[in-house]
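**Student:** sharing a sequence plus its predicted fold:
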Amino acid sequence: MANVGVRYSYFIVFWAVFVSYSRIYLGVHFPGDVIGGAILGAAIGLFVFKIYQLSFKKLFSRE
């Protein structure tokens, strides 16, 4: 069952790369736009994940 998460992770990364490539190929965005969006999205995702971790620890701590 642990491999299910890994499988979904591969699919999500593949999909993100596919969409990024298609945006550049179709001329809708420049490569810098796509790279900047990926960096910004990863940073925001990491920030939200860290806040979730901190709040989860505070809510369910046994102190």
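**Tutor:** That came in fine, so what should we check first? Residues are numbered from 1 along each chain as shown.

**Student:** any idea how far the strand or helix carrying residue 51 is from the middle of the chain?
**Tutor:** Residue 51 is part of helix 31-59 when elements are defined by DSSP states H and E. Distance of helix 31-59 from the chain centroid (C-alpha atoms, centre = their mean, to the nearest Å) equals 7 Å.

**Student:** same question for that helix, mean pLDDT?
**Tutor:** Helix 31-59 shows a mean pLDDT of 92.

**Student:** residues contacting the most centrally placed residue in the chain?
**Tutor:** Taking C-alpha atoms, centre = their mean as the criterion, residue 42 is the residue nearest the geometric centre of the chain, at 5.1 Å. Residue 42 makes contact with no residue under the criterion C-beta atoms under 8 Å, 6 or more residues apart in numbering. Just so you know, the C-beta spots here come from the backbone N, C-alpha and C atoms, and that holds for glycine as well.

**Student:** do you know how far it is from residue 17?
**Tutor:** Counting by C-beta to C-beta, to the nearest Å, the separation of residue 42 from residue 17 is 13 Å.

**Student:** ditto for residue 53
**Tutor:** Applying C-beta to C-beta, the value for residue 53 to residue 17 is 27 Å.

**Student:** which strand or helix spans residue 15?
**Tutor:** Per DSSP H and E: helix 2-25 holds residue 15.

**Student:** output that helix as PDB, nothing but the C-alphas.
**Tutor:** Extracted in PDB, the C-alpha atoms of helix 2-25 (Å, rounded to 0.1, in the frame of the first residue of the first chain):
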ATOM      1  CA  ALA A   2       3.000   2.300   0.600                       C
ATOM      2  CA  ASN A   3       3.800   2.100  -3.200                       C
ATOM      3  CA  VAL A   4       0.500   3.700  -4.100                       C
ATOM      4  CA  GLY A   5       1.700   7.100  -2.900                       C
ATOM      5  CA  VAL A   6       4.900   6.700  -4.800                       C
ATOM      6  CA  ARG A   7       2.900   5.800  -7.900                       C
ATOM      7  CA  TYR A   8       0.800   8.900  -7.600                       C
ATOM      8  CA  SER A   9       3.900  11.100  -7.000                       C
ATOM      9  CA  TYR A  10       5.400   9.900 -10.300                       C
ATOM     10  CA  PHE A  11       2.100  10.600 -12.100                       C
ATOM     11  CA  ILE A  12       1.800  14.100 -10.700                       C
ATOM     12  CA  VAL A  13       5.400  14.900 -11.600                       C
ATOM     13  CA  PHE A  14       5.000  13.500 -15.100                       C
ATOM     14  CA  TRP A  15       1.800  15.500 -15.500                       C
ATOM     15  CA  ALA A  16       3.400  18.800 -14.300                       C
ATOM     16  CA  VAL A  17       6.400  18.300 -16.700                       C
ATOM     17  CA  PHE A  18       4.000  17.400 -19.600                       C
ATOM     18  CA  VAL A  19       1.900  20.500 -19.000                       C
ATOM     19  CA  SER A  20       5.000  22.700 -18.600                       C
ATOM     20  CA  TYR A  21       6.400  21.400 -21.900                       C
ATOM     21  CA  SER A  22       3.100  21.900 -23.700                       C
ATOM     22  CA  ARG A  23       2.900  25.500 -22.600                       C
ATOM     23  CA  ILE A  24       6.400  26.300 -23.900                       C
ATOM     24  CA  TYR A  25       5.800  24.200 -27.100                       C
END
